[in-house]
Each structure stands twice: as structure tokens, then as C-alpha cells.
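Participant: Any chance you could fold what I've pasted below:
(one chain, ligands or ions: 1)
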Amino acid sequence: MMRDAKPILKLMLLEKKGVMLAALLGFLAAGASVGLLASSGYLISSAALQPPLYTLTATIVLVRFFGLLRAGSRYGERYFSHQSTFTILSHIRTHYFDRVVANIPGMFRTYRSGDLLSRITGDVENLQFFFLRVVYPPVVMLLVFMATIVFASLYSMTAAFLLFVGFLLTGGVIPAWFALKNRHSSANVRLKRGELATEVTEWMSGFRELKMHGQASGKAKDVHHVSKRYATEQEREQQELRGSESVNVLAGLMITWLLTFFVSLEVQNGDLHGVWLAALILISLSVFESANPMASFPKNAETSRQSAERLNLAQSEETPGVIEAESVSVNEIDALQCARCDFTYPSSERKSLEQVSLELNSGTRTAIVGASGSGKTTLMHLLLGIYMPQSGHVLVNGTPLDKVNLEDYWANCRFSLQENHFYYGSVRENLQLANPTVDDQTMLDALSAMALQNLTLDDIVEEEAKNLSGGERQRLALTRAWLQEAPFWVLDEPLSALDMTTYDQVMHKVLAKSRQDIFLLITHQLRGLEKMDQIIVMDKGRIVEQGSYTDLVSAEGWFRELLTIEDELLETS
Ligand SMILES: Nc1ncnc2c1ncn2[C@@H]1O[C@H](COP(=O)(O)OP(=O)(O)OP(=O)(O)O)[C@@H](O)[C@H]1O
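Facilitator: Residues are numbered from 1 along each chain as shown. Have a look, this model is predicted:
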């Protein structure tokens with residue numbers, strides 16, 4: 001528990017003033033409650049003996065005092081505990097959000113997005129109660145019981161002993177026994193919640209495909225089943241919780257009965273003045289109120305532990321995106337090198353890249369070609385530091401990429417990937433992602449260079465650019481790369497959805513603009529590759545051929561064969 005809870009405790013201690021004030025006021029409120037009932041009991045008993053009124057005045061004042069103290073400190077305790085809880089929640093949220101952002105794409109490699117969503121919302125939400133439900137109840141209970149036991153021992157050792165036994169039972173034995181008995185239910189609830197979030201996310205994001213393949217109602221049934229299982233687990237957990245709360249309250253009442261019995265005997269034997277009997281019984285009744293939250297303490301502690309563990313686990317995944325403080329900053333990229341790189345995806349047994357070596361220098365244009373699945377995109381991911389090779393190195397200006405500050409590095413890259421993300425907003429806003437300071441005229445010129453004159457900067461781009469055609473989406477992504485002002489161009493099939501004329505027109509402009517830069521193009525289109533300085537042919541994760549266009553055509557190897565296939569396809573189409 002401690003290891004997982006350490007970061008949460010740290011975040012909680014950022015609010016230590018509020019936390020301590022809340023605990024102190026909570027102790028005062030519970031103590032005042034006990035004092036109120038004790039002084040009331042004493043007042044009623046002593047009034048029955050009909051003493052002169054002035055002798056009761058001090059007790060009446062005491063009752064009033066405890067009444068006011070209880071109300072005031074309860075208000076203060078609620079105020080400070082809630083204020084601290086919400087501030088701690090905001091610390092937890094920003095802490096984990098920072099970690100999640102730094103771990104992308106590592107997180108997405110490991111978790112399905114629904115599960116990730118469930119972790120970030122559910123687990124972080126659970127931890128907001130770490131202080132209120134895990135740290136606070138035992139501390140307040142301990143303080144209130146100790147003070148009450150000391151007070152009771154002044155009048156009756158039997159009462160003090162019984163209260164101590166009650167303390168052990170309601171604060172330790174009973175919660176621990178139920179925790180042991182129900183140890184699987186909290187984990188099951190969380191498991192089912194994760195499953196539900198995953199199913200719902202997949203159902204919603206894949207709804208169109210499911211509908212078109214006639215599978216939507218089947219998937220909806222699955223979601224319904226998972227939801228029902230989640231509800232059943234929640235119900236079971238609640239029943240168990242009610243059970244442990246009932247037993248805890250029952251134990252408190254039993255102790256009060258025993259205390260009534262034994263203290264009555266003491267009064268009968270003359271060991272205790274009868275005027276204290278009611279006070280001790282009422283003390284016992286009220287002190288066990290502070291033990292009530294202990295019934296759910298083990299469940300809350302376990303929930304927090306598992307949430308912290310899941311979030312810590314999420315943090316400790318291999319994290320290429322984490323920016324190390326001492327990492328080397330990159331201002332300008334002149335040379336990139338991939339040296340004998342091997343790479344296997346975490347979910348795969350098979351190597352996607354094997355002994356891949358290549359060099360990219362400023363002012364050179366490189367194209368990577370090869371059949372689908374040959375490893376082109378994987379190689380690009382390695383060059384971008386999205387993945388790290390299991391053996392071999394990627395070097396940027398001679399520095400291994402795992403030592404480089406990736407945010408700096410990415411600021412030097414212009415991307416157009418196979419799938420590009422667009423946000424709901426204007427064309428202007430989507431373009432300014434690449435370069436926030438770019439002016440309207442430069443953006444209009446870039447759109448025109450990409451043959452996108454039909455778009456205005458105020459046109460709305462819907463989420464994922466669903467209102468644009470495939471070719472327009474690709475060109476909008478390329479416009480973003482165009483505006484980035486960075487020396488490393490990484491284009492993964494940037495124009496595969498375009499007709500030949502527009503392709504030639506746009507590619508011509510891109511090649512002209514990138515003349516001084518490192519230019520890397522992944523493509524299935526072999527036409528126009530004469531303009532490249534080097535062509536790399538990949539097959540099954542290996543580089544099988546490498547050289548200039550003329551070298552490869554005359555070599556009559558892989559590239560030549562690909563060219564022949566493309567020519568035949570063009571002729572037949
Ligand atoms: N996330 C992943 N997890 C596991 N295996 C993957 C993953 N992505 C790709 N692969 C596998 O790695 C191999 C290389 O894939 P890659 O995407 O690099 O090929 P590619 O040459 O870019 O293909 P395409 O031309 O279709 O884009 C393939 O066998 C693919 O199945």
C-alpha cells in the first residue's frame with residue numbers, strides 16, 4: 001500500500017495546512033459531541049437529585065459550550081476537508097495528466113482507449129477520497145477514543161476497558177474481518193467498470209462500421225451484458241458494505257449494553273456515584289459514531305491502493321515520450337542515422353525491423369518503398385523516436401535519440417502521417433497548430449501551393465476532418481507540414497488519395513521547398529522517384545535494396561520488379 005500510496009500522500013501533503021486543520025477540527029467536533037452527551041447526562045442525573053439551581057449553572061454552561069463547539073468545529077471541519085479534497089483532486093489530476101501526456105504514445109500501445117479513459121476518470125476520481133475516507137477516519141477515531149478512554153478511566157476503569165475493547169473491535173477486528181471476506185469485490189467492480197468503458201468506447205467509435213456490417217445490435221447486446229455485470233458487482237459490493245456497517249454499529253451498541261450493565265453494578269456496589277452513570281452510557285453511545293466510517297475504511301483503502309497502483313503502473317510503462325531533465329536539446333538537424341536497428345512491437349513475437357541501417361543528411365531526398373507490411377512506417381516511427389529499437393541506435397546529429405529531448409526534436413520535424421488528427425475548428429486554427437505565429441497570407445499561399453484554393457481560412461473543419469475528402473485531408477495535413485518551418489520532412493504516403501495530375505503538381509512544390517532539408521518520403525507510388533537521391537526498398541522488415549533511381553533500375557532487382565508491376569497495373573487500368 002505504502003509504495004503505491006506514496007505519490008498520493010505527497011500530493012496530499014501539498015495541502016498539509018488544510019489537512020491538519022480538518023483533522024483537528026474533526027477531532028474537536030467528535031470530542032465536543034462526546035462532551036455534549038456526557039455533560040447532558042450528568043446534568044439530567046444531577047438535576048434529578050434537585051440541588052440548588054446555581055450548582056447546575058456550570059454544567060448548563062458546559063452543555064451550551066459543547067453544543068456551540070460541536071456546531072462550529074463541524075462546520076470548520078467540513079469546510080477545510082472539502083476544500084483540501086478538491087485541491088488535492090486538482091493536484092492528482094494535473095499530476096497524472098502530465099504523466100499521461102508524457103507517456104503518449106506508450107500508453108496507447110499498452111491500453112485500449114476505453115480502459116485508459118476509465119483509469120484516468122475512475123481511478124483519479126477514487127483517489128480524491130484518499131484523504132477523507134482513508135487518512136482522516138482512523139486518525140480522528142484514534143484521537144477521539146483515546147481522549148474518551150482517558151476521561152472514562154477517571155471514573156470507571158471497567159468503562160475505560162470496555163471502550164478500549166470497543167475501539168479494537170470497531171476500528172480493527174471487524175473492518176479487517178470484512179476486508180478479508182470481501183477482498184475480491186472491489187477489484188471486480190473496477191474490472192467490470194474498465195470492461196464497460198472499453199466496450200462503450202469501441203461501440204461508439206466503431207458504430208458506423210458495425211452498422212454497415214449488420215453487427216451493431218450484437219455489439220449493443222454485449223455492451224448491455226457488460227453493463228449488467230457491472231451493476232451486479234456494484235450491488236454486491238454495496239450489500240457487503242451495508243453488512244459490515246451494520247455489524248460495526250451492532251458491536252458499538254453491544255459494548256454500550258455491557259458498559260451499562262457493569263457500570264450499574266459499580267454504582268450498586270458503591271464504587272461509582274450514580275450521577276455518572278448516564279454520562280458514561282451517553283459517552284459510549286456517541287464515541288462509537290466516530291467508528292462508523294471505519295466499516296468502509298478497508299474498502300476505501302483498497303480502492304485507493306488499486307487506483308494508485310493502476311495509475312503508477314501506467315506511469316512506469318516504457319516511456320519514450322518522457323522528457324528527461326538532462327536530455328540533450330536539438331536546435332538544428334543535419335544528419336540522422338539508423339544503425340543496425342531491430343524492432344519488435346510489444347504485442348508481437350515477430351520482428352518488424354531487422355538489422356536496418358540508413359543515413360539521412362541535409363539536402364538529400366530519400367524515399368522508402370516496399371510492399372504493405374514491409375516495415376516502412378515502423379522505420380519512420382523509430383526515426384521519430386515514437387518507438388525505440390530493442391537493439392541498434394537511432395542517432396540525431398550523432399547523439400542517440402534516447403538521450404535527445406524529444407519535444408525539441410519534434411519541433412524540428414514536419415509531419416504528414418498516414419492518419420493525421422484534425423480538431424473541430426476553422427482551417428486557420430488547424431493550420432496554426434503547426435505554427436501559431438503564421439499570418440493569414442502565408443497560410444493562404446500554402447493552401448494554394450497544396451492545390452487547396454477552394455478552402456478559406458474561416459471554413460470549419462469538423463472533428464477528424466470528416467467534412468473533407470480523403471485527398472483534401474491529406475493536403476491539409478501537408479499544408480500543416482509546409483507551414484512548420486523545420487528541417488526534417490517526414491511524409492508517410494502523404495498524397496496517396498490524389499489523382500496523378502494534382503499529385504505531380506503538389507509534389508513538385510514540396511520537393512522544391514525542401515531542397516536544403518532532410519526529406520523522407522514513404523510511398524507506394526514509384527512514379528517521380530527519379531527526383532530522389534536515394535531509394536530504400538524494404539521487404540519483411542529488412543532493407544533489401546538501396547541506391548539512386550538509375551542504380552536501382554539498372555540493378556534489375558527488387559525495385560525494377562516493383563516498377564514493372566506498377567507499369568503493368570497502369571496499362572491495364
Ligand atoms: N502496433 C503494432 N503492433 C504489432 N504489430 C504491428 C503494429 N504496427 C505494425 N505492425 C506490424 O509490423 C509490420 C510492419 O508494419 P508497417 O506498418 O511498418 O508496414 P508498412 O510497410 O508501413 O505498411 P503499409 O505500406 O501498409 O503502411 C507489419 O507486419 C505489421 O503487421
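Participant: what's near enough to touch Arg190?
Facilitator: The contact partners of Arg190, by CB atoms under 8 Å, 6 or more residues apart in numbering, come to Gly122, Asp123, Thr303, Gln306, Ser307, Arg310. Heads up, the C-betas are built off the backbone N, CA and C, glycines and all.
Participant: Mean confidence (pLDDT) on the helix or strand hosting the fourth one, please.
Facilitator: Right, Gln306. Element membership for Gln306, per DSSP states H and E: helix 297-315. What helix 297-315 shows for mean pLDDT is 75.
Participant: strand partners of whatever helix or strand comes next after that helix, parallel vs antiparallel please.
Facilitator: Per DSSP H and E, helix 297-315 leads on to strand 335-344 as the next helix or strand towards the C-terminus. Strand 335-344 has the following strand partners under DSSP bridges: strand 351-361 (antiparallel), strand 391-396 (antiparallel).
Participant: circling back to that earlier point, just curious, which of the contacts of Arg190 is nearest to the ligand?
Facilitator: Arg310 (22.4 Å; CB to the nearest ligand atom).
Participant: name the helices or strands packed onto whichever helix or strand Val506 is part of?
Facilitator: Counting by DSSP H and E, the element that carries Val506 is helix 500-513. Under the contact criterion of 3 or more CB pairs under 8 Å, 6 or more residues apart in numbering; DSSP states H and E, helix 500-513 touches helix 440-449, helix 470-483.
Participant: Mean pLDDT, distance to Lys6 and mean neighbour count added to these, as TSV?
Facilitator: Conversion of the helices and strands packed on helix 500-513 to TSV gives the following (pLDDT from 0 to 100; distance: least, CB to CB, whole Å; neighbours: other CB atoms under 10 Å):
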stretch	mean pLDDT	distance to Lys6	mean neighbour count
helix 440-449	95	48	17
helix 470-483	94	42	22
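Participant: Tell me which of these lies nearest to Glu245.
Facilitator: Each of the helices and strands packed on helix 500-513 has some distance to Glu245 by CB to CB; the shortest is helix 470-483, at 56.6 Å.
Participant: CA atoms only: put stretch 147-158 into CSV for me.
Facilitator: Below are the C-alpha coordinates for stretch 147-158, written out as CSV (Å, rounded to 0.1, in the frame of the first residue of the first chain):
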residue,chain,number,x,y,z
ALA,A,147,-9.4,11.2,24.8
THR,A,148,-12.7,9.5,25.8
ILE,A,149,-10.9,6.4,27.3
VAL,A,150,-8.7,8.7,29.4
PHE,A,151,-11.7,10.6,30.6
ALA,A,152,-13.8,7.5,31.4
SER,A,153,-10.8,6.0,33.3
LEU,A,154,-11.1,8.9,35.8
TYR,A,155,-14.5,7.5,36.9
SER,A,156,-14.6,3.8,36.0
MET,A,157,-11.7,1.5,34.8
THR,A,158,-14.3,-1.0,33.6
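Participant: distance between that stretch and the chain's centre?
Facilitator: Here stretch 147-158 is found 49 Å from its chain centre; the criterion is CA atoms, centre = their mean, to the nearest Å.
Participant: just stretch 495-509 next, same as before
Facilitator: Taking mean C-alpha positions (CA atoms, centre = their mean), stretch 495-509 and its chain are 41 Å apart.
Participant: which residues are contacting it?
Facilitator: Contact with stretch 495-509 is made by 449-451, 469-471, 473-475, 478, 523-525, 527-528, as judged by CB under 8 Å, 6+ apart.
Participant: buried sites along it?
Facilitator: For stretch 495-509, burial by neighbour count (16 or more other CB atoms under 10 Å) applies to Leu495, Leu498, Tyr503, Val506, Met507, Lys509.
Participant: follow-up on the earlier one: export the helices and strands packed on helix 500-513 to CSV and tack on distance to Ile60?
Facilitator: Formatted as CSV, the helices and strands packed on helix 500-513 follow (distance: least, CB to CB, whole Å):
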stretch, distance to Ile60
helix 440-449, 79
helix 470-483, 78
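Participant: Out of those helices, the one nearest the ligand is which?
Facilitator: Distance to the ligand, taken as CB to the nearest ligand atom, is lowest for helix 470-483 among the helices and strands packed on helix 500-513, at 14.1 Å.
Participant: Does anything pack onto that closest one? Which helices or strands?
Facilitator: Contacts defined by 3+ CB pairs under 8 Å, 6+ apart place helix 470-483 against strand 413-416, helix 427-432, helix 440-449, strand 488-492, helix 500-513.
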